[in-house]
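[1] take this sequence and fold it.
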Amino acid sequence: MSEKPWISVCEINDLLPDTGVCALVNKQQVAIFRSRRLNEVFAVSNYDPVGEANVLSRGMIGSIGDEVVVASPLYKEHYNLRTGECLEKPGYKIPVFPVRLDDGLVQIQA
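    Prediction:
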């Protein structure tokens, strides 16, 4: 099976630190976050399974213990940006996508 291609979605300077944006990648909404504290970029599904809406890119990122998370703007559940797991409701999980920087471009495999 071949590896999924890397898709350029924006330039790193298009992402304001500690905020999210939404990109349409292969017909799915992907929430992309840039963490100022970690100097890292994360990509997860934009779909909040608890609120049943595409809103996670508007959530706030932060940390709970050692976990880097996004808080859903709807019901405030926290999703781990590395694993996709919901901290408050263990039965819920969002897809996490590989993300990398290539010469200033944010690229995602989705």
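[2] can you report phi and psi for I12?
    Here is the backbone geometry of I12 (degrees, to the nearest 10): phi -60, psi -30.
[3] my guess is it contacts L105. True?
    Yes: counting by C-beta atoms under 8 Å, I12 does reach L105; the two are 7.3 Å apart. Placement of C-beta: from N, CA and C, glycine included.
[4] where do the strands sit along the chain?
    Here the chain has its strands, by DSSP state E, at 7-11, 19-25, 28-35, 40-45, 47-48, 53-54, 60-64, 67-71, 78-80, 99-102, 105-108.
[5] make TSV out of those and add mean neighbour count and mean pLDDT.
    TSV is the format used below for these (neighbours: other C-beta atoms under 10 Å; pLDDT from 0 to 100):
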stretch	mean neighbour count	mean pLDDT
strand 7-11	15	96
strand 19-25	17	95
strand 28-35	21	96
strand 40-45	21	97
strand 47-48	20	98
strand 53-54	14	98
strand 60-64	15	94
strand 67-71	19	96
strand 78-80	24	98
strand 99-102	14	96
strand 105-108	20	97
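[6] can you add distance to K93 and give the ones you listed back as TSV?
    Converted to TSV, these look like this (distance: least, C-beta to C-beta, whole Å):
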stretch	distance to K93
strand 7-11	23
strand 19-25	18
strand 28-35	14
strand 40-45	10
strand 47-48	11
strand 53-54	16
strand 60-64	16
strand 67-71	13
strand 78-80	8
strand 99-102	18
strand 105-108	18
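[7] wait, which of those strands is closest to G91?
    Of all the strands of the chain, strand 78-80 sits nearest to G91, with 12.8 Å by C-beta to C-beta.
[8] the closest one packs against which elements?
    strand 67-71 (3 or more C-beta pairs under 8 Å, 6 or more residues apart in numbering; DSSP states H and E).
[9] partner strands of the strand it packs on, with direction?
    Strand 67-71 has its sheet partners listed here by DSSP bridges as strand 60-64 (antiparallel), strand 78-80 (antiparallel).
[10] so who does T19 touch?
    The neighbours of T19, taking C-beta atoms under 8 Å, 6 or more residues apart in numbering as the test, are F33, R34, I61.
[11] so C22 bridges to which residues?
    Here C22 sits in beta bridges with A31, going by DSSP bridges.
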